[in-house]
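1. Sequence unavailable; structure follows:
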C-alpha cells in the first residue's frame, strides 16, 4: 500500500499527481509527484536542498513583502532543524527579500550570498556563548547589506549595530533555554519596528506567528513563558 | 487481591573467556530490550580480568605491567560508568538486564537512575546479610562498614537497564589493588573488602549464589526461575564476540560497530520527505537487494525532518546518519553505521557487495 505523506506546509495528506505544478517554495514548474489539497507542491530540488541553498532559492524567488511569512515558509521545510545555525542567515535573507520586494533598497542577487556567508560565521549557540543571538545578528547583517555598511561607515554602521541591539533586547526578554523559532519571530518583529522608524519602511502586513507552529516539535519549549506559544 | 510476583529469568551461565562473558551480558540486554526474553538476573564467574566501561581509559586506568605479571585480561563492557571492575574466580558477578520502570515503585523518594542502582544493590546486600555481615547498599555499591565489597557498571537504553556488578567473595584484593590504576585507586586501597575477609574463612561461591538469589527475590519482590540463553541470544553472543568483544578496536580504543536490536546487519537509508524520484529508486533498490536476506538484514528508511521516532518508541540511529542529517547530505545509504553511498543511486552490484561484506 502506498504510504501517505503529509504536506509540511499545511499538514494535509498529499496525493499522487502527474500535473505540471509550480513549487510552493521556489516557484519552479515541473511534473509533480505529491500534491496536497491546497495545491502545495515541493520540487525535487527543494526537497533535497541543504538549508543554505533552500534559503537562497526561496528568497530569490519570492514576491512576498512580509519577512515573517517568508521565514515561516522556510522554517517548515525539514532541512531547517528545530534549532540550528541556519536561522542566523534565514532572518537576514527573509528580511532582505521582503525589503527588495518593497523596492525600498537596491538589493541585488549577491545580497543573499553575502548574508548566508556572514550568517554562517555566527556559531551555533552564540546566544549563550557570546551573548549575541544569531537571529539578532542576522538583522544587523540585513541592515548592513541593505545600507552597504562596513566598519568605516558612519551612520550605516551605527544603524546595523542598533538593529542588532534592538532585536537582541527583544530576544533576551524571552528567556531560555534557547528557541531558534522564538528568536526568529522576535528578531523579525523588532526589525519591522526598526525599519519603519529609521527608514520609513512599512511591511504591508506582518504575519502573526502565534500560536507557534513549531511548539509541538520543541522538547525544550518554554510553553506559556514564551510570547509566541499561544 | 494479592498479585503474583513477577517471574524473572535466573541465568546461571559463565564462560571461561572474560570477553565472551561481556558479549553474553550485551546479548541478554538486547534481548530484554527487544522483548524476546524475560527480565534477567545472571550470576556468573570469570577468569582474572579487569573490566573497563565504554569511556574507561585503556592506557591510564590499568597497570599493564601488573596485568602481565598476574595474567590479567583487559576487557571492555558497555557502560556509562568510568568505574573499573576487577574480577577473578573468587568473585561472584551479577548482571541485571531488565526494563527498569517497575523499580521506581519499589522505593520511597524515587530518584531517577540512583534509585534503580540502589534497589539492585539492596537485593544483593540482602543476600549478604544472611552471612551475618552488616552489608549496606547505596547507588555506588555495597559496603561493609566503610569498605566496599561490590561495585557495578551500569548501562541504559531508554527504560532498559544493564547492571553488571562484581561481588568480592574470595577475591584476591592484593592483585585487585595492583592492577587498577584510576585517579581514585589510592583511595580504594584501604576501602576494599571481601566476604571471606569479613568472615575470616573461604566461602564457596555456589553457596553465596543461593543467598543472593533469596535476597534478590525478597528485595525486588520477584521470583527467579532458572533458564538458559535463548537461541537468538546464543547467536547474538557469537556475533557480538566476533564483531566487537574479541577485537582490540573495542577493548583498546572503545570503538564499536553500530548494531540495532538483535544485531542484524543494518541498512539505513536517509531520504527526503516526501521522497524524490531518486530517493524512491534508492528505497526500491535496497528493498529488492535485501529481499533474500531478510533474516540477516534490517532496513530502516529515515525521512528527513520526521523526527527520531519513525521506527518505534526506542529509536536507534547511527551517529553517521545523524551527521549526514546535520550536514544535509541526502539521500544516503549507510551499512552498519558506515556511510557507503550518497547523493546518487549506486549500481545493484556495488550495493549488494557492500551489504554482503557487512554480514
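-> That came through fine. Quantities reported herein were computed from a predicted structural model and do not represent experimental measurements.

2. Could you pull up the residues touching the most centrally placed residue in chain A?
-> Central residue of chain A (CA atoms, centre = their mean): residue A:71, 2.8 Å from the mean position. Taking CB atoms under 8 Å, 6 or more residues apart in numbering or on different chains, we find residue A:71 in contact with A:90-91, A:94, A:184-185, A:188. Quick note: C-beta positions are derived from backbone N, CA and C, even for glycine.

3. Check the gap between it and residue B:150 for me.
-> 57 Å (CB to CB, to the nearest Å).

4. if we can go back for a sec, tell me which helix or strand comes right after the strand or helix carrying the residue nearest to the centre of chain A.
-> Assigning secondary structure by DSSP states H and E places residue A:71 in helix A:67-75. Following helix A:67-75 in sequence order, the next helix or strand is helix A:86-102 (DSSP H and E).

5. and that following helix with chain B, contact?
-> No - applying CB under 8 Å from any CB of the partner chain, one finds helix A:86-102 separated from chain B by no less than 9.3 Å.

6. Just the mean pLDDT for that helix, thanks.
-> If you average the pLDDT over helix A:86-102, you get 97.

7. Find the nearest non-adjacent residue to residue B:77, please.
-> residue B:22 (4.6 Å; CB to CB, 6 or more residues apart in numbering or on different chains).

8. which of the residues in stretch B:239-257 are buried?
-> B:239-241, B:243-245, B:247, B:250-251, B:254, B:256-257 (16 or more other CB atoms under 10 Å in any protein chain shown).

9. That one: end-to-end distance?
-> 11 Å (CA to CA, to the nearest Å).

10. What of stretch A:12-20?
-> Start-to-end, stretch A:12-20 (CA to CA) is 20 Å.

11. still on that earlier bit, so which of the contacts of residue A:71 wins on neighbours?
-> Highest neighbour count within the contacts of residue A:71: residue A:91, with 34 neighbours (other CB atoms under 10 Å in any protein chain shown).

12. for the nearest residue to that one once chain neighbours are set aside, phi and psi?
-> Closest residue to residue A:91 apart from its sequence neighbours, by CB to CB, 6+ apart: residue A:138 at 3.3 Å. Backbone torsions for residue A:138, taken as degrees, to the nearest 10, come to phi -60, psi -40.

13. Residue A:138 against residue A:96, yeah?
-> No - applying CB atoms under 8 Å, one finds residue A:138 not in contact with residue A:96, separated by 9.9 Å.

14. Among those two, which residue is more densely surrounded?
-> The neighbour comparison of residue A:138 against residue A:96 (other CB under 10 Å) goes to residue A:138, with 32 against 26.

15. Next up, the contacts around the more buried one.
-> Neighbours of residue A:138 in contact, by CB under 8 Å, 6+ apart: A:87-92, A:95, A:115, A:119, A:122, A:187.

16. wait, what's in contact with residue 26?
-> I went with chain A, as the question did not name one. A:43, A:45-46, A:57-58, A:60-61.

17. could you do chain B instead?
-> Here residue B:26 is in contact with B:77-78, B:162, B:240, B:244-245 (CB under 8 Å, 6+ apart).

18. any idea which of those residues is the one closest to residue B:39?
-> Closest to residue B:39 out of those is residue B:162 (11.2 Å), distances taken as CB to CB.

19. and the closest residue to chain B within chain A, how many neighbours?
-> Closest residue of chain A to chain B, CB to the nearest CB: residue A:78 (2.1 Å). Per other CB under 10 Å, the neighbour tally for residue A:78 reads 20.

20. Which residue, other than its chain neighbours, is closest to it?
-> Nearest one to residue A:78, counting by CB to CB, 6+ apart, is residue B:305 at 2.1 Å.

21. What count of nearby residues applies to the one you found?
-> Neighbours of residue B:305 under the rule other CB under 10 Å: 16.

22. Kindly report the same for residue B:15.
-> 17.

23. Assign it to helix, strand or coil.
-> coil (DSSP: H, G, I helix; E, B strand; the rest coil).

24. OK, contacts around residue B:285?
-> Applying CB under 8 Å, 6+ apart, we find residue B:285 in contact with B:345-346, B:348, B:351.

25. Residue A:185 is in contact with residue A:68, correct?
-> Yes - with contact defined as CB under 8 Å, residue A:68 and residue A:185 form a contacting pair (7.1 Å).

26. joint contacts of these two?
-> By CB under 8 Å, 6+ apart, residue A:68 and residue A:185 have these common neighbours: residue A:209.

27. on that earlier part again, roughly how far apart are the residue nearest to the centre of chain A and residue A:170?
-> Residue A:71 is 15 Å from residue A:170, by CB to CB.

28. Can you pick out the most distant pair from the buried residues of stretch B:239-257?
-> Using CB to CB, those reach their maximum pairwise distance at B:239 and B:254, which is 19.0 Å.

29. Flag every buried residue along the helix or strand encompassing residue A:158.
-> If you go by DSSP H and E, residue A:158 is part of helix A:155-174. Neighbour counts using 16+ other CB under 10 Å place A:156-157, A:159-160, A:162-164, A:166-168, A:170-171, A:174 of helix A:155-174 among the buried residues.

30. For the stretch 51-200 of chain B, which residue gets nearest to chain A?
-> Closest contact between the stretch 51-200 of chain B and chain A, by CB to the nearest CB, is at residue B:158 (14.9 Å).

31. residues touching the spatially closest residue to that residue that is not a sequence neighbour, list them.
-> Nearest in space to residue B:158, with sequence neighbours left out and distances taken as CB to CB, 6+ apart, is residue B:314 at 4.9 Å. For residue B:314, the contact set (CB under 8 Å, 6+ apart) comprises B:33, B:157-158, B:160.

32. which parts of chain B sit against chain A?
-> For chain B, the contact set with chain A under CB under 8 Å from any CB comprises B:272-274, B:276-278, B:303-307, B:326-328, B:330-331.

33. isn't residue A:99 right up against residue A:201?
-> Yes - under the criterion of CB under 8 Å, residue A:99 makes contact with residue A:201 at 6.7 Å.

34. which residues do the two both contact?
-> Contacts common to residue A:99 and residue A:201, judged by CB under 8 Å, 6+ apart, are residue A:195.

35. So the residue nearest to residue B:77 belongs to a strand, correct?
-> No - if the criterion is three-state DSSP, then residue B:22 is helix and not within a strand.

36. Residue A:172 versus that one, what's the distance?
-> Residue B:22 is 50 Å from residue A:172, by CB to CB.

37. What of residue B:52?
-> Noted for residue B:52: a distance of 45 Å to residue A:172, by CB to CB.

38. re the thing from before, quick one: which of residue A:99 and residue A:201 has more around it?
-> Using other CB under 10 Å, the more surrounded residue of residue A:99 and residue A:201 is residue A:99, with 25 against 18.

39. Residue A:85: what's it in contact with?
-> A:119-120, A:122-124, A:134.

40. Oh, that last question was meant for residue A:146, not what I typed.
-> Residue A:146 makes contact with A:96, A:99, A:105, A:107, A:111 under the criterion CB under 8 Å, 6+ apart.

41. let's see 6 Å
-> A:99, A:105 (CB atoms under 6 Å, 6 or more residues apart in numbering or on different chains).

42. how close does it sit to residue A:99?
-> Distance from residue A:146 to residue A:99, by CB to CB: 6 Å.

43. Overlap in contacts, those two.
-> With CB under 6 Å, 6+ apart as the test, residue A:146 and residue A:99 both reach residue A:105.
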